[in-house]
Every structure is written in C-alpha cells, then in structure tokens.
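No sequence on hand, only this structure:
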C-alpha cells in the first residue's frame, strides 16, 4: 500500500486539492445529522411512495450528507480514504468497523487473494452463453455459483433446524394494525454465543459468517473480469495472488499488468463506489438477508437491483451522450435543445445530493489527468467540462443540480480499457463490500423487513361463475 502511494503521489495531491476545494465551498452548510446514540424505536417519519423518507434501521457503516456534499465510511471522510487508503483496507473498515492493524490487514489481504481462485464457478458459468448475456445477468448467476463452490449451505446437514427459530411465522403478528415496535427480532437464531464463535474461524454459516463476504468481494471481481474476456471472444485469465485487488481486476480484464497510475485510479474508483447509504441495491440485499437466507442470495439480489436503469448504468449513458455531442463547438446548441425538449441530461443531479457529489469532485481531476495521456479521453473530457459549465450555470444555483459520480467515471473506465457495457458490473464489484458490511451489521439485531401497503381496492365484490362473465 505504501509503495503504491509513493509511486502515485501526484494522484494523492489531486485528491487532496479536490478535498480542500470541497471543504472551502461547503463551509457553513451545516454539520452532520446524527441520532446522538442508540435510536429509540419506534421513530416517527414522513413516508412517500417507494418508502421515500422511511427509516428502516440504524447503521454505523456509512453516511451521506446531501446538503454538505459529504460521504462518510465508518466516520472517515471519503476524500481521506481515497488519498491515503486502498480498496482492501476500506473493505476491512466497512466490514469490521475499524481500520486494521498491520497484521490484521495482511491476514485480510491473504484471505481475499485466496478467494480469487474461482475455477469451479467459472466452469459452471462458461456452460452458459455468457458472450450473449447481459453482463449483470451473468454476474448474478456467477454469484450464485460461488455459493456452491465456497459453501455447503445446500447440504442437508447444514440446513437450519426449525427448532432453532423463535417463531418463523412473522405474519402471526397483527401487522395490519398500527405497528408499535418490538424490543427484539421476531425471526432470529437462539444461540448467539455460538454465532459469535463462528464469525472468524472460517466456517461458512449462511447467516453470520464472514467467509461468504471474502468469497463474494474477491470472487465477483474475478467473475466480472472473466465475463468481459468471454464477451470479447477470449479465454478468462488466471488471477495473480501477488497483485492488489484493483491491479488484479485490471490484469484479468486486459491481460496486462497495469501501471501504478492505472492501478491507483482503479483503486480510487472502487473506494468511491463501495457504499452509499440505503440505496435500492443495498436495501434489496438487506431485505433478502433479513429472512435469514444467505449472503450469496443477498448479494445476488443487490446485483439484480443494480441492473435496473434507474439505479446503475448511468455512466454508460453519459459516454453515449458525450459521443452524441461529438464536438466542443456543439455543446451549447445541444444543451439548449435538451432544455427545450426537457431531455434528461445524464450524469447530473442526485436524489440525495443538493451539492456537488464528493465522488465527482475526486473523479474530475483524475479524468483530466488521464486526458493528458489519451487524446480520445482528452476530447471527451473537454466536451464534459463545457457541458458541466452549461448545466451548473443554468440549474446549479436554483435547482441544486450538479455532476454526480456517473458523469466522470465512465470516461475513466474507458481509459482503463473497460468497455461501456461492463461499467455497471464494475459498480457491483465495488459495492459488494458495502452490501456485505450492511448485511452483517443488520443481522446483529435482525428483524425481518415487513412494510405495509395501503389497500385502495374495493370490498364486497360478488363472485360470478366463469360462464356468466362478459
């Protein structure tokens, strides 16, 4: 880690410069909201369609301050983590709640490296027409095949006995009355001391062990790289245990060992996408986990949710949009036409941020840096910055619309040799750390998710036999 950062001090300086600018611009925009300690349930909140505004749980994993434009992982500012840390260390931080000691970090990196060998999973995955599949569909399938390679969950002697549960019929509670809250989970394992012993001894308990987290963080990375290779008509490449997580990902994708700069920028991109509050894919993972399913199915649900165009894939659309504009001379005319037609401008605005997305602040100078080495990226970056000036000048002050993480990430991925159709898969490769960390945290005090719907249908309908219906 130290060696990599020594070779890429110029990139560290770019990140720290972006951090300084962000703090100066948001000075006086308010502090950080916190409960100040344990949450007293039940809580009152205003809930909109799609559970907007609902408070589903409490968490120490990550925090997004949309007004201040800040992203926090376990108390650490993402600017500092990108400047000084690595994706492996951030993954440890998210999972365990603290930064590792040198010995803990070496053990953790070794465990992740050991889980890069996914040969059995690849053998199963390659029996399907991966070259013709949506990469996210292939990745989701691969996550489920990891379940067979790295766990014994499906064997009869590993299935939980019904006597281990405290009431599996969650709907036996009067859920259609006003909920009052409960002091403990309705659906949970009894033997908590046994659960604690299983956390770090390498066993693969589907509900509580860390083993599945390691195999999913390492495995999805290798699977995404293999999927990219197969789609291009090449065979997958064996992982290298001597490379970092980011470097191995690029090596397995491109077939060549990345430069220190390429490795560092990939590493930063992975850190930036690792966690982002209670987003749709994180919530999907947690809902599945709350039933005491297993981590593999939970992450599979996260991948499925991320595949939706309203959640993942916007950076792919940004690249297409910039290619459509084509020339810097066309930017203003294109923007004016887009405003006239009320066309959505990809890569701008965010449901949470009402300030400049801190992830975009970091990616912008990195994209500019790569533009100095690649004429195609330089051309795209020039169009992007001119478009940003138009959008922010028109919509920034009043509507608080600024670039989000997707605006500059796509061109960075392209510069690293990653094709546009794989962008969302790279998002998933990173977000597995956040999904697994939040699932592990939630299972400590699990309660099955069970929101309610407001019935708006009719009553007292009379049944008519099929022959009498028109």
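Arrived safely, thanks for sending. All values reported here derive from a predicted model rather than from experimental measurement.

which stretches of the stretch 251-400 of the chain aren't confidently modelled?
Counting by pLDDT under 70, not a single residue of the stretch 251-400 of the chain qualifies.

That one: helices as residue ranges?
260-272, 280-290, 295-306, 314-325, 331-340, 358-371, 375-391, 397-399 (DSSP state H, counting those that start in this stretch).

and the angle from the longest one to helix 358-371?
It refers to helix 375-391. Put simply, helix 375-391 runs at 140 degrees to helix 358-371, going by axes from the mean of the first three to the mean of the last three CA atoms, to 10 degrees.

From the helices of the stretch 251-400 of the chain, pick the one with the highest average neighbour count.
For those, the largest average neighbour count (mean count of other CB atoms under 10 Å) is found in helix 295-306, namely a mean of 26. Quick note: C-beta positions are derived from backbone N, CA and C, even for glycine.

one step back: arrange the helices of the stretch 251-400 of the chain in CSV, one row each, with distance to residue 120 as further columns.
Below are these laid out as CSV (distance: least, CB to CB, whole Å):
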stretch, distance to residue 120
helix 260-272, 25
helix 280-290, 24
helix 295-306, 14
helix 314-325, 31
helix 331-340, 49
helix 358-371, 35
helix 375-391, 38
helix 397-399, 51
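
Is the closest residue to residue 276 other than its chain neighbours in a helix, a strand, or coil?
Distances taken as CB to CB, 6 or more residues apart in numbering place residue 64 nearest to residue 276, at 6.3 Å, with adjacent residues excluded. Three-state call for residue 64 (DSSP: H, G, I helix; E, B strand; the rest coil): strand.

How many residues are close by residue 64?
The number of residues packed around residue 64, counting by other CB atoms under 10 Å, is 20.

quick one, what contacts it?
Neighbour list for residue 64: 70-72, 276-277, 352-353 [criterion: CB atoms under 8 Å, 6 or more residues apart in numbering].

Scan those and report the most crowded one.
residue 71 (28 neighbours).

Make sure it is indeed in a helix.
No. Looking at residue 71 with three-state DSSP, it is strand, so not inside a helix.

just to revisit the earlier point, can you check which of the helices of the stretch 251-400 of the chain gets nearest to residue 410?
Closest to residue 410 of these, according to CB to CB: helix 314-325, at 3.6 Å.

Which elements pack onto that closest one?
Counting contacts by 3 or more CB pairs under 8 Å, 6 or more residues apart in numbering; DSSP states H and E, helix 314-325 is packed against helix 331-340, helix 375-391, helix 405-415, helix 423-443.

got the angle between the second one and helix 331-340?
Angle between the axes of helix 375-391 and helix 331-340 is 50 degrees (criterion: the same axes, to 10 degrees).

Show me what helix 375-391 is in contact with.
With contact meaning CB under 8 Å, 6+ apart, helix 375-391 is reached by 318-319, 322-323, 325-328, 331-332, 334-335, 345, 348, 367-368, 370-372, 401, 403, 407-408, 411, 414-415.

That helix: how far from the chain's middle?
Offset of helix 375-391 from its chain centre (CA atoms, centre = their mean, to the nearest Å): 26 Å.

Please apply the same query to the third one.
Relative to its parent chain, helix 405-415 has a centroid offset of 16 Å by CA atoms, centre = their mean.

From the contact counts, what lies against that helix?
Helix 405-415 sits against helix 260-272, helix 314-325, helix 358-371, helix 375-391, helix 423-443, with contacts defined as 3+ CB pairs under 8 Å, 6+ apart.

got a list of contacts for it?
Helix 405-415 is contacted by residues 265, 269, 272-273, 314-319, 322, 346-348, 357, 359-360, 363-364, 366-367, 370, 373-374, 376-377, 380-381, 384, 388, 420, 422-423, 426 when judged by CB under 8 Å, 6+ apart.

same question for it, mean pLDDT?
On average, the pLDDT along helix 405-415 is 93.

Now do stretch 283-296: distance to the chain's middle.
Centroid separation for stretch 283-296 versus its chain: 15 Å, with CA atoms, centre = their mean.

Give me the contacts around that stretch.
Contact with stretch 283-296 is made by 56-57, 143-144, 146-147, 151, 153, 160, 187-189, 206-207, 212-213, 216, 297-302, 304-305, 435-436, 438-439, 442-443, 446-449, as judged by CB under 8 Å, 6+ apart.

Would you list the buried entries among those?
Listed as buried from these are 57, 143-144, 146-147, 151, 153, 187-189, 206-207, 212-213, 216, 297-302, 304-305, 435-436, 438-439, 442-443, 446-449; burial here means 16 or more other CB atoms under 10 Å.

so how many other residues sit close to the residue lying closest to residue 399 once chain neighbours are set aside?
Closest residue to residue 399 apart from its sequence neighbours, by CB to CB, 6+ apart: residue 349 at 7.9 Å. Residue 349: 18 surrounding residues under other CB under 10 Å.

So residue 349 sits against residue 396, correct?
No. The criterion here is CB atoms under 8 Å, and residue 349 misses it with residue 396 at 10.2 Å.

joint contacts of these two?
Both residue 349 and residue 396 are contacted by residue 402, under the criterion CB under 8 Å, 6+ apart.
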